[in-house]
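Quick one: sequence plus predicted model below, questions after.
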Amino acid sequence: MRFGINTLDDVAVTDKTVLCRIDINQPVDRKTGTLKDTTRIEACIPTLKELTNKGAKLVLLAHQGSDIEYKNFYTTEPHAAVLSRLLGKAVGFIDDVCGPAAREAIKALKSGDILLLDNVRFVSEEQTLFETTLLLSHEEQAKTLLVRKLAPLADLYICDAFAAAHRDQPSLCGFEQLLPSAMGRLFEEEFCVISGLMEKPERPCVFVLGGAKISDAFLMMSTVLRGGIADTVLTGGLVGEVLLWADGKDIGEPARAFITKEGYGSLVENGKELLSKYRDKIVRPVDFAAKVDGARVEYQLGKIPAGALVLDIGTATATAYQNSIRGAKTVFVNGPMGVFEEAPTEQGTTMIWDALGDTAAYTVIGGGDSITATRKYGKTRDISYICTGGGALIRFLTGEELPVVKALRHGSAIKQKGNYSVDHVRVTA
Ligand code: 3PG
């Protein structure tokens, strides 16, 4: 047991039906129906191998989100094919989550079999909007359709979805009310590494924050500055632009319009407050790049022409950031420095990742875009730790107990025994 949560060493899985929640939410290429990245799927393979090698009847629950917030959920069928390839054994897929077809398929499983259910978010109670509006307690989540239908078929619940540990949803927090529970190997590892890092980071500790999910970045920035974890925060992407705007600097009308249109205008006030408290620790860009007629053009801050949309940090900024990264003992990165998907505006991100590759510091990256950049620039082996979580990691850094951690602690106190019985879920086993 670690952190008050059972590990796989504490539970018996042989011949047991195990519900295992994983996070294999990956960018999907809608045209081909294939996954653009498989990092998260690869990361949960050790847990799945261990469970299946020990003879569990393994039922996998997972969500697949979309690029556009929480709309347009996509099937998990392509994920089953990737899992089969990585595990070297057939992974069954059923286009049902907790209906009769899924339940029959679960009952038919034999030791060592693996079945992936369809996207749990096809069940409305599992959706984030439902989560934020209804605010169901974990006890109430145990009474939702998903849990009522599946829990009676299972002996054990395992969560290996650290990347979704900030979500308060039935597939993540409901089963632990009823079933003996444990965390998987990936969850355990991510929990340990990040806790250790945050408790005692070697100094100087530098955070590099960029990317498009800027409300997350602002939350992280205030957390690590308030908690004294970060000595320096290097800012890029929209994060840097919002801070410069907050500081009264001219980032150009197109950038201001974009920030307003995306609904991030309120973060300018947030930026002012952060600068008033931590000005010396928050480093802002001094130059930028835009794409003009398909080519990269750089501008110093204060000399951005009207109409130019800046999409990357400039060379002087990236060089200063490289020096800071190379002089640090711990570096934490969340988000790229600009639109790194396009050649004219990827230099800032490339330069940061180059420095991450050769610094002697302990380097941690988190979040989908950062993982993609790490792959793109061939730095996977050079980064000390790649965390699958973006939003979860940020919430973790705030110091609040994550909903799934709380639920797993509850489920870890439930003893494993032959038959479990909880009246209100004994509906359709
Ligand atoms: C993530 O990508 O951060 C996790 O998979 C959680 O996904 P969500 O933000 O769609 O809940």
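Arrived safely, thanks for sending. As the structure is a prediction and not an experimental result, all values here were calculated from the model. Numbers count the residues shown, from 1 in each chain.

What helices and strands are in contact with the strand or helix carrying R256?
Assigned by DSSP states H and E, R256 belongs to helix 253-261. On a contact count with 3 or more C-beta pairs under 8 Å, 6 or more residues apart in numbering; DSSP states H and E, helix 253-261 meets helix 237-246. C-beta: built from backbone N, CA, C; applies to glycine.

other SSEs contacting the helix it packs on?
Checking 3+ C-beta pairs under 8 Å, 6+ apart, helix 237-246 ends up next to helix 214-226, helix 253-261, helix 266-278, strand 310-313.

what's the angle from that helix to helix 214-226?
70 degrees (axes from the mean of the first three to the mean of the last three C-alpha atoms, to 10 degrees).

Next to the ligand in this structure, residues from the stretch 1-150 of the chain, please.
23, 25, 65, 70, 128 (C-beta under 6 Å from any ligand atom).

Of the residues you listed, which is the most crowded?
D23 (26 neighbours; other C-beta atoms under 10 Å).

Assign that one to one of the three secondary structure states.
coil (DSSP: H, G, I helix; E, B strand; the rest coil).

pLDDT score assigned to it?
Looking at D23, its pLDDT is 96.

quick one: it from L274, how far?
According to C-beta to C-beta, to the nearest Å, D23 stands 30 Å off from L274.

ditto for D250
From D250 to L274 the distance is 20 Å (C-beta to C-beta).

Now do the helix holding R256, average pLDDT.
Averaged across helix 253-261, the pLDDT comes to 94.

how far off helix 266-278 does that helix point, in degrees?
Going by the same axes, to 10 degrees, helix 253-261 makes 100 degrees with helix 266-278.

Name the residues of helix 253-261 that are buried.
For helix 253-261, a neighbour-count test (16 or more other C-beta atoms under 10 Å) marks 254-256, 258-259 as buried.

Tell me the first helix or strand C-terminal of the lowest-mean-pLDDT helix or strand in the chain.
Here the helix or strand of the chain ranked lowest by mean pLDDT, DSSP states H and E is helix 128-134, holding a mean of 78. Sequence-wise, the next helix or strand downstream of helix 128-134 (DSSP H and E) is helix 138-141.

what's that following helix packed up against?
helix 403-412.

where in the stretch 201-350 of the chain is pLDDT low?
The stretch 201-350 of the chain contains no residues with pLDDT under 70.

in stretch 224-242, what's buried?
224-225, 229-242.

Quick check: which of those residues are also close to the ligand?
Answer for the buried residues of stretch 224-242 near the ligand: none qualify (C-beta under 6 Å from any ligand atom).

Pick out whichever of D250 and L274 has more residues nearby.
L274 (21 against 14).

For I94, give me the backbone phi and psi.
Backbone torsions for I94, taken as degrees, to the nearest 10, come to phi -130, psi 130.

ok, it - contacts?
Applying C-beta atoms under 8 Å, 6 or more residues apart in numbering, we find I94 in contact with 101-102, 105, 115-118.

Of these, just the buried ones, PyMOL syntax please.
Buried residues within the contacts of I94, by 16+ other C-beta under 10 Å, are selected in PyMOL with:
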select buried, resi 102+105+115+116+117+118
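
Including secondary structure and pLDDT, could the contacts of I94 go into a markdown table?
As requested, the contacts of I94 are exported to a markdown table (DSSP: H, G, I helix; E, B strand; the rest coil; pLDDT from 0 to 100):
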| residue | secondary structure | pLDDT |
| --- | --- | --- |
| A101 | helix | 98 |
| A102 | helix | 98 |
| A105 | helix | 98 |
| L115 | strand | 98 |
| L116 | strand | 98 |
| L117 | strand | 98 |
| D118 | coil | 98 |
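
No further questions, thank you.
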